[in-house]
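[1] what follows is a predicted structure for the sequence shown.
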Amino acid sequence: MAEGTAKKETGETQDLTDGFHLIIDALKLNDVKTIYAVPGIPITDFLRMSQAEGIRVLSFRHEQNAGYAAAIAGFLTKKPGICLTVSAPGFLNGLTALAHATTNCYPMILISGSSEREVVDLQQGDYEEMDQLAVAKTMCKAAYRVLHAADIGIGIARAIRSAVSGRPGGVYLDLPAKLFGQVMNAEAGKKSLVKVIDPAPAQIPAPDAIKRALDVLKGAKRPLIILGKGASYAQADDLVRQFVEKSGAPFLPMSMAKGLLPDTHPQCAGAARSTVLKDSDVVMMIGARLNWLLSHGKGKTWGEAPKKFIQIDIEPREMDSNVEIVAPVVGDIGSCLTAFLGAMGSKWDAPPAEWTNAVKAKREENVAKMAPRLMNNNVPMDYHGALGVLRTIIKERPDTILVNEGANTLDLARGIIDIYKPRKRLDVGTWGIMGIGQGQAIAAAVETGKPVLAVEGDSAFGFSGMEVETICRYKLPVCIVIFNNNGIYRGTDVNKASSDPATTVFVAGARYDKMMEAFGGVGVNATSPDDLKRAVNEALDSGKPTLINAVLDPAAGSESGRIGNLNPQSALKKK
Ligand SMILES: Cc1ncc(C[n+]2csc(CCOP(=O)(O)OP(=O)(O)O)c2C)c(N)n1
Ligand SMILES: [Mg+2]
């Protein structure tokens with residue numbers, strides 16, 4: 001039990017414990033080492049006590065960022081990332097991150113203090129009154145409330161198991177203020193705690209599903225493997241590599257699966273994406289979903305040729321979500337790939353050379369086309385010049401974790417910066433959410449101890465910019481590079497109707513680097529690729545919190561980056 005266990009002499013001189021300590025003990029028993037939080041009633045003392053009991057508490061400036069940190073911590077560690085907030089407004093601030101975690105299949109637990117049940121339920125206007133459990137339910141995988149100290153152990157165990165088992169996701173745990181102060185017999189309290197055994201049990205695929213899938217793959221003339229974020233999450237890196245190499249098929253990594261095999265791997269088809277999506281005849285999805293990011297598996301992107309889909313996913317309901325899956329394989333990725341490798345035997349025929357050579361040729365053509373643009377030293381910088389430099393830096397420092405958000409800044413960095421190791425690229429995920437930058441950078445540094453390079457559009461940065469203070473306060477090895485093109489997509493829009501600025505432009509020539517200096521970090525204003533290179537290398541060498549304001553040509557970006565086609569157009573306009 002925690003050293004701080006409340007002891008109270010009663011008539012029977014029994015040892016007592018309280019809700020505060022039972023929660024801490026339950027978290028520690030389950031290996032929770034870090035909490036991402038914003039203090040306030042009713043959790044201020046709880047956070048102090050957690051810190052005193054050896055849990056690392058990262059205290060943020062806004063709950064949404066603490067939530068994004070917890071979510072990505074879950075992705076990186078396969079354990080639920082814990083975000084702690086106060087009631088109503090704090091809870092709501094954290095809720096976006098909880099929904100984001102659920103959408104992206106990151107295990108996370110949002111724990112929020114809440115106001116008095118009796119008052120909240122009668123809607124009598126309590127301090128920060130809100131029926132948080134009801135609100136959270138639609139946003140997450142599971143939601144629970146604990147009312148009695150004796151149920152804390154079970155409540156936390158349920159939350160952990162719900163977050164990490166099967167398809168991971170966000171879980172909400174509601175802890176009313178009164179619970180923290182409740183006391184109970186210390187011995188009984190200790191016994192009530194639950195260590196979650198085997199929180200994410202292996203899910204072994206059925207042998208006939210494996211055989212069915214291999215039969216389809218064997219019959220392919222133009223196979224393609226798509227690796228998704230789920231494959232990264234699984235931490236079955238060697239199995240992924242062995243399977244891809246044995247299959248001989250080109251593979252396409254989704255953005256957060258980049259680095260599972262290096263982007264420079266001979267089978268990588270990242271630079272020939274449109275060709276492989278169009279021309280493949282059998283597509284094997286490994287931990288990837290046929291959602292909007294893959295045009296739902298149909299339409300122009302996928303070409304005319306008939307296509308068969310094999311899908312490996314832990315969630316049975318993912319199958320046939322958008323198109324027919326001829327060979328569904330339900331199980332965890334490690335178990336599925338182990339079964340595939342076993343069933344493939346020692347001899348597996350490579351796909352026809354005609355196909356693999358065609359993919360290779362396309363890839364080399366596209367890489368060669370891009371190369372000169374990446375070497376430009378233009379002032380003001382364009383995206384390619386700036387990203388060319390960062391690409392080289394990541395190549396030289398492949399352990400660096402790249403955090404990436406923005407529109408053009410995201411889309412172009414994803415294509416240009418090669419990733420060499422698993423889980424080294426963390427970005428906006430399925431929703432294309434802006435604001436993950438600082439939260440993800442902080443958690444990446446805290447959870448892995450590796451240096452972090454966060455490449456963010458100037459708009460994207462603004463969503464969580466205040467957390468640079470958090471980065472400085474905890475002295476984290478984070479280097480933020482802001483691609484400052486004076487606005488959302490570009491900085492050139494003009495409002496002709498009034499003297500108000502256009503909606504997509506920001507203050508021209510803003511010096512974000514000064515924000516970092518305000519908190520004792522290093523700020524650099526970089527106007528050329530050479531400047532940028534020097535500043536990033538210095539930051540990564542020193543490990544000092546650094547913010548580089550990379551001055552980009554305001555005309556450099558395009559509307560909505562690569563997804564401008566998703567902007568609605570009036571039917572009227574077309575007449
Ligand atoms: C939470 C959220 N709000 C708004 C958006 C819409 N949005 C998409 S990209 C973007 C910002 C793009 O500008 P910037 O980050 O400067 O990148 P750039 O294209 O200029 O490189 C915005 C506001 C979003 N994706 N997420
Ligand atoms: Mg911008």
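    Noted; the coordinates are in hand. Keep in mind that what you see is a predicted model, and the values were worked out from it rather than measured. Numbers count the residues shown, from 1 in each chain. Ligands and ions are numbered 1, 2, ... in the order given.
[2] wait, what's in contact with residue 92?
    Shown in contact with residue 92 (CB atoms under 8 Å, 6 or more residues apart in numbering): 130, 135. Yep, even glycine has a C-beta here, placed from its N, CA and C like the rest.
[3] repeat the analysis, applying 10 Å as the threshold.
    Residues near residue 92 by CB atoms under 10 Å, 6 or more residues apart in numbering: 63, 64, 85, 112, 130, 132, 135, 136.
[4] nearest to ligand 1, out of those residues: which one, please.
    Ligand 1 has its nearest neighbour among these in residue 64, at 9.3 Å by CB to the nearest ligand atom.
[5] what distance do you get for the closest residue to residue 256 other than its chain neighbours to ligand 2?
    Of all residues not flanking residue 256 in the chain, residue 229 sits nearest, at 4.3 Å (CB to CB, 6 or more residues apart in numbering). Residue 229 sits 25 Å away from ligand 2, going by CB to the ion, to the nearest Å.
[6] report pLDDT for residue 66.
    In this model, residue 66 is scored at 99, pLDDT.
[7] which helices and strands does the one helix or strand residue 471 maps to pack with?
    Assigned by DSSP states H and E, residue 471 belongs to helix 468-473. On a contact count with 3 or more CB pairs under 10 Å, 6 or more residues apart in numbering; DSSP states H and E, helix 468-473 meets strand 56-59, helix 63-77, helix 437-448, strand 478-484, helix 513-518, strand 546-551.
[8] the residue nearest to residue 256 contacts residue 291, doesn't it?
    No. Taking contacts as CB atoms under 10 Å, residue 229 lies outside contact range of residue 291: 11.2 Å.
[9] what is in contact with the two at once?
    residue 430.
[10] remind me which residues of this structure are low pLDDT?
    Low-confidence segments of the chain (pLDDT under 70): 1-12, 574-575.
[11] show me the contacts for the most centrally placed residue in it.
    Residue closest to the average C-alpha location in the chain (CA atoms, centre = their mean): residue 72, at 4.5 Å. Taking CB under 10 Å, 6+ apart as the contact definition, residue 72 lies against 36, 81, 97, 100-101, 104, 106, 108, 256, 401, 403, 423, 426-427, 429, 436, 439-444, 447.
[12] again with residue 258
    Counting by CB under 10 Å, 6+ apart, residue 258 has contacts 227, 232, 268, 270, 402, 414, 417-425, 427.
[13] gap between the helix ranked longest in the chain and the chain center?
    Counting by DSSP state H, the longest helix found in the chain is helix 353-374. Here the centre of helix 353-374 is set off from its chain's centre by 29 Å, with CA atoms, centre = their mean, to the nearest Å.
[14] ok, then the element right after it?
    That would be, after helix 353-374 and using DSSP H and E, helix 383-396.
[15] report the angle between that following helix and strand 478-484.
    Taking axes from the mean of the first three to the mean of the last three CA atoms, to 10 degrees, one finds helix 383-396 and strand 478-484 inclined to each other by 160 degrees.
[16] packing partners for helix 383-396?
    helix 353-374, strand 401-405, helix 408-416, strand 452-457, strand 478-484, helix 529-542, strand 546-551.
[17] hmm, that helix touching ligand 1?
    No. On the criterion CB under 6 Å from any ligand atom, helix 383-396 is out of touch with ligand 1, staying 7.3 Å away.
[18] interface residues of the stretch 451-575 of the chain facing ligand 2?
    457, 458, 485 (CB under 5 Å from the ion).
[19] including neighbour count and distance to residue 277, could those go into TSV?
    Shown next, in TSV, are these (neighbours: other CB atoms under 10 Å; distance: CB to CB, whole Å):
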residue	neighbour count	distance to residue 277
457	28	26
458	24	32
485	30	30
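[20] hmm, back to that, now for the contacts of residue 258, which pair is the farthest apart?
    Farthest-apart pair in those is 268 and 427; separation 18.0 Å (CB to CB).
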